[in-house]
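1. This is the structure alone, sequence omitted:
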């Protein structure tokens, strides 16, 4: 059904639906990156918190990149978090920072006591420290 000089009603409906779909896609294209910036993934939040707790390990990251040592889990952040803490990133995020620092401190002391060490470019690092550096330098998911 059309009126004189206008497009068919079905064509106008189709144009309206397509326009609404394009608008929704545009909003999603803007909203998703903003959401990820405002609410980062748990693994990113863990890395951010650990980087604040251990800024000195960032200095060792360059040396580790040049070394052939590859930690268990490689560059997989989820696997590295499980290897360090024995739990998933969401559970680690829920832990208070002092509890994380205490657990990592005990793990580093245990690594030194049991000689789980690596010498990299003049640094002597515990296996736990190497995993922390690998986690901090791993690409985001």
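-> Done, it's in. Fair warning: this is a prediction, and the values are worked out from it, not measured in the lab.
2. Who are the contact partners of residue 138?
-> Each residue near residue 138 by C-beta atoms under 8 Å, 6 or more residues apart in numbering is listed here: 47, 75, 76, 77, 80. Bear in mind the C-beta positions are built from the backbone N, C-alpha and C, glycine included.
3. Just the buried ones from those?
-> For the contacts of residue 138, a burial check counting by 16 or more other C-beta atoms under 10 Å picks out 47, 76, 77, 80.
4. Mind putting these into CSV with distance to residue 40?
-> Shown next, in CSV, are these (distance: C-beta to C-beta, whole Å):
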residue, distance to residue 40
47, 9
76, 17
77, 12
80, 17
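5. Out of those residues, which sit inside helices?
-> 47, 77, 80 (DSSP state H).
6. what about the spatially closest residue to the second one that is not a sequence neighbour, which helix or strand?
-> If the residues on either side of it in the chain are set aside, residue 77 comes closest to residue 43, at 4.3 Å by C-beta to C-beta, 6 or more residues apart in numbering. Using DSSP states H and E, the element containing residue 43 is helix 42-53.
7. Enumerate the positions of that helix that are buried.
-> 42, 43, 44, 46, 47, 49, 50.
8. before we move on, back to that, among the buried ones among the contacts of residue 138, which two are most distant?
-> Farthest pair in those (C-beta to C-beta) is 47 and 76. Separation: 12.8 Å.
9. and of the contacts of residue 138, the nearest to residue 139?
-> Distances from residue 139 to the contacts of residue 138, taken by C-beta to C-beta, are shortest for residue 75, at 6.2 Å.
10. Do I have it right that residue 40 meets residue 47?
-> No. Contact criterion C-beta atoms under 8 Å: residue 40 and residue 47 do not qualify, at 9.0 Å.
11. residue contacts, residue 81?
-> Residue 81 neighbours (C-beta under 8 Å, 6+ apart): 43, 46, 87, 88, 89, 92, 135.
12. Distance-wise, check the last one relative to residue 109.
-> Using C-beta to C-beta, to the nearest Å, we find residue 135 at a distance of 19 Å from residue 109.
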